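Asks: any chance you can model this:
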Amino acid sequence: YSGQNMGDMDPHIFAVAEEAYKQMARDERNQSIIVSGESGAGKTVSAKYAMRYFATVSGSASEANVEEKVLASNPIMEAIGNAKTTRNDNSSRFGKYIEIGFDRRYRIIGANMRTYLLEKSRVVFQADEERNYHIFYQLCASAHLPEFKALKLGAANTFNCTKQGRSPVIDGVDDAKEMATTRHAFSLLGINESYQMGIFQVLGAILHLCNVDIKDRDSDSSVIPPNNGHLTIFCELMGVTYQDMSHWLCHKKLKTASETYIKPIPKLQAINARDALAKHIYAKLFNWIVDHVNQALHSTVKQHSFIGVLDIYGFETFEINSFEQFCINYANEKLQQQFNMHVFKLEQEEYMKEQIPWTLIDFYDNQPCINLIEAKMGVLDLLDEECRMPKGSDDTWAQKLYNTHLNKCALFQKPRLSNKAFIIQHFADKVEYQCDGFLEKNKDTVNEEQINVLKTSKFELLVELFQDEEKGTSPTGPPPGGRTRLSIKPDKTRAGQASKEHKKTVGLQFRNSLQLLMETLNATTPHYVRC
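Replies: Next up, the predicted model:
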């Protein structure tokens, strides 16, 4: 396909990649390859082929095998960001946009990756027949290796984190072998043995944390009995004291204007707080790895141009759809609109400008659906407002949605038999969303005292994970919630801004990062691959 014209050969992902590469050189303009399609259609594989093509065609200028490193980022990101769902054995549970940089002679010099909204809930919950992130199963399958003895791990079906879907094995996948691939990729990217062991230590600790049994003391308070085996191992791995950790898993600190007091919390709240901590640590680790992959791929040579490859989670609908599906489908609405804009609107304007006689094609414009989600008084706006209300709940939010949009917006419906769900007519399908958990996931709060305990640790990697909360990050940097990561170097901002950023809801952060993505895509020449 190299050197051929589009259309000369059979359609192939390589043909699209070649076209982008040629146009970059010819038009002196950055390019994007946008891979779209529903969940399980083949987007991730297509994106990998496109990257492989650039790596092969544009031999790097340096001897340091840049292209090998760029490709090595794939197994790492798949291990920590992909999982088996009912629709796909290797489903991307985050979005990524990789910019592959080229020098003046169009040789590959490096890359940079931005990631979007990792599905954190998967760390502590999997639906039937689904799995957690691959890396946990790779680790459990390698538990017998001498270097992992200290993690005190066992089979995946002994941990709450990895057994809920009751489907610990993927046909044709050897998790122990995959682990070797993941470790090799880490080494290629210069993440050394001790850091790698640190990563596995944190992952092992998460597995043990989710197995910690919390008991009722009475209706308003809970307790972890002394010498809980899993909590003991968690504390050993994390380098924190058992006493502090068991205390703050069952208590919270309340601040009023004049005083601070410590209040016990009931069992259910304590379990939710434990899970929130596990998700928070995982998201921090994910961001840390993305940062280090980016550092390894960072080029010292000045970048002349880039080709971006977008591989983002596809449109999806399951038996139960929650906040994650809502965000994923919202992202797909935005991409569909970008496609419509580019292909239909701009083409038709071109025809009219040149006064070519023709009939306007009536295409489906999904702006109304996007307005329903992101405009003033839209779904996200009402969700954020409800999150600010002291007594706000998923139920009161559902009522506000019905009052605002029912019978006023054709794309919004209420299921006949539920007062806690809503239906949106997306471009691809109708989806019914359950309101349960939306507020909690949007607020994404974690008990500060638990984080403070972790910050006292001497475990080097753990300290690094929580460093950015101290420093204050720019709006494009990592929000301390750790959901949406734009790997652009943070500006030097005041710490005050960090706390403001901290209060941003997940929905708002996601909306902003999608906005930035659209601006990037619109500043490049797009090429579409539909799976």
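
Asks: show me where the stretch 301-450 of the chain has its helices.
Replies: Per DSSP state H, counting those that start in this stretch, the stretch 301-450 of the chain carries helices over the ranges 323-340, 346-353, 367-374, 379-388, 394-405, 438-443, 448-455.

Asks: helix or strand with the lowest mean pLDDT in this structure?
Replies: Ranking every helix and strand in the chain by mean pLDDT, DSSP states H and E puts helix 495-503 at the bottom, with a mean of 49.

Asks: which helix or strand lies directly C-terminal to that helix?
Replies: helix 506-522 (DSSP states H and E).

Asks: state the mean pLDDT of that following helix.
Replies: For helix 506-522, mean pLDDT is 94.

Asks: put the alpha carbons of it into PDB.
Replies: The C-alpha trace of helix 506-522 is given here as PDB (Å, rounded to 0.1, in the frame of the first residue of the first chain):
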ATOM      1  CA  VAL A 506     -16.600  14.100  36.300                       C
ATOM      2  CA  GLY A 507     -19.300  15.100  33.800                       C
ATOM      3  CA  LEU A 508     -17.900  18.600  33.500                       C
ATOM      4  CA  GLN A 509     -14.300  17.400  33.200                       C
ATOM      5  CA  PHE A 510     -15.300  14.900  30.500                       C
ATOM      6  CA  ARG A 511     -17.300  17.600  28.600                       C
ATOM      7  CA  ASN A 512     -14.200  19.900  28.600                       C
ATOM      8  CA  SER A 513     -11.800  17.200  27.500                       C
ATOM      9  CA  LEU A 514     -14.200  16.200  24.600                       C
ATOM     10  CA  GLN A 515     -14.300  19.900  23.700                       C
ATOM     11  CA  LEU A 516     -10.500  20.000  23.500                       C
ATOM     12  CA  LEU A 517     -10.500  16.800  21.500                       C
ATOM     13  CA  MET A 518     -12.900  18.200  19.000                       C
ATOM     14  CA  GLU A 519     -10.800  21.400  18.600                       C
ATOM     15  CA  THR A 520      -7.700  19.200  17.900                       C
ATOM     16  CA  LEU A 521      -9.600  17.100  15.400                       C
ATOM     17  CA  ASN A 522     -11.000  20.100  13.600                       C
END
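
Asks: partners of whichever helix or strand comes after that helix, with directions?
Replies: Later in the chain than helix 506-522, the nearest helix or strand by DSSP H and E is strand 525-530. Strand 525-530 has its sheet partners listed here by DSSP bridges as strand 31-36 (parallel).

Asks: what sits up against the partner strand?
Replies: Contact with strand 31-36 is made by 16-17, 20-21, 23-24, 43, 46-47, 50, 306-312, 314, 332, 335-336, 338-339, 520-521, 524-531, as judged by CB atoms under 8 Å, 6 or more residues apart in numbering. Using the backbone N, CA and C atoms, a C-beta is placed for each residue, glycine as well.

Asks: can you tell me which of these are classed as buried?
Replies: Buried subset of the contacts of strand 31-36 (neighbour count, 16 or more other CB atoms under 10 Å): 16-17, 20-21, 23-24, 43, 46-47, 50, 306-312, 314, 332, 335-336, 338-339, 520-521, 524-527, 529, 531.

Asks: now the strands for the stretch 201-350 of the chain?
Replies: 215-218, 221-223, 251-255, 260-264, 305-311 (DSSP state E, counting those that start in this stretch).

Asks: most tightly packed of these?
Replies: Burial of the strands of the stretch 201-350 of the chain is given as mean neighbour count (mean count of other CB atoms under 10 Å); strand 305-311 ranks first at a mean of 24.

Asks: so what strands line up beside it?
Replies: strand 31-36 (parallel), strand 95-102 (antiparallel).

Asks: other SSEs contacting the helix or strand following the longest one?
Replies: Where DSSP H and E defines the elements, the next helix or strand beyond strand 95-102 is strand 108-116. Contact partners of strand 108-116 among helices and strands, from 3 or more CB pairs under 8 Å, 6 or more residues apart in numbering; DSSP states H and E: helix 66-81, strand 95-102, helix 267-297, helix 506-522.

Asks: and strand 108-116, how far from the chain's centre?
Replies: With CA atoms, centre = their mean, to the nearest Å as the basis, strand 108-116 stands 15 Å off its chain's centre.

Asks: also stretch 129-147?
Replies: 20 Å.

Asks: quick one: end-to-end distance for that stretch.
Replies: 31 Å (CA to CA, to the nearest Å).

Asks: mind listing what's buried in that stretch?
Replies: Residues of stretch 129-147 classed as buried: 130-143 (neighbour count, 16+ other CB under 10 Å).

Asks: nearest to Val124, of the residues you listed?
Replies: Val124 has its nearest neighbour among the buried residues of stretch 129-147 in Asn132, at 8.6 Å by CB to CB.

Asks: quick one: contacts for the nearest residue to that closest one once chain neighbours are set aside?
Replies: In this structure, Asn132 finds its nearest non-sequential neighbour in Thr162, 5.1 Å apart by CB to CB, 6 or more residues apart in numbering. With contact taken as CB under 8 Å, 6+ apart, Thr162 is in contact with 131-132, 136-137, 140, 156, 168, 207.

Asks: give me the lowest-pLDDT entry from the residues you listed.
Replies: Lowest confidence among the contacts of Thr162: Pro168, with 90.

Asks: what is the neighbour count of it?
Replies: 19 (other CB atoms under 10 Å).

Asks: list the contacts of it.
Replies: Counted by CB under 8 Å, 6+ apart, Pro168 has contacts 131, 137, 155-157, 162.

Asks: can you report phi and psi for it?
Replies: Note on Pro168: backbone dihedrals following degrees, to the nearest 10 are phi -70, psi -10.

Asks: for Gln450, see how far away it is.
Replies: From Pro168 across to Gln450, the span is 29 Å (CB to CB, to the nearest Å).

Asks: one more: Leu209?
Replies: Distance, Leu209 to Gln450, using CB to CB: 10 Å.

Asks: mutual contacts of those two, please.
Replies: The contact lists of Leu209 and Gln450 share Leu277, where a contact means CB under 8 Å, 6+ apart.

Asks: how about low-confidence regions in the stretch 401-531 of the chain?
Replies: 469-502 (pLDDT under 70).

Asks: again, 90 this time
Replies: Residue ranges of the stretch 401-531 of the chain with pLDDT under 90: 467-504, 530-531.

Asks: for the closest residue to Ala523 other than its chain neighbours, what are its contacts?
Replies: Among residues not flanking Ala523 along the chain, Asn30 sits closest, at 6.9 Å (CB to CB, 6+ apart). Counting by CB under 8 Å, 6+ apart, Asn30 touches 24, 305-308, 523-525.
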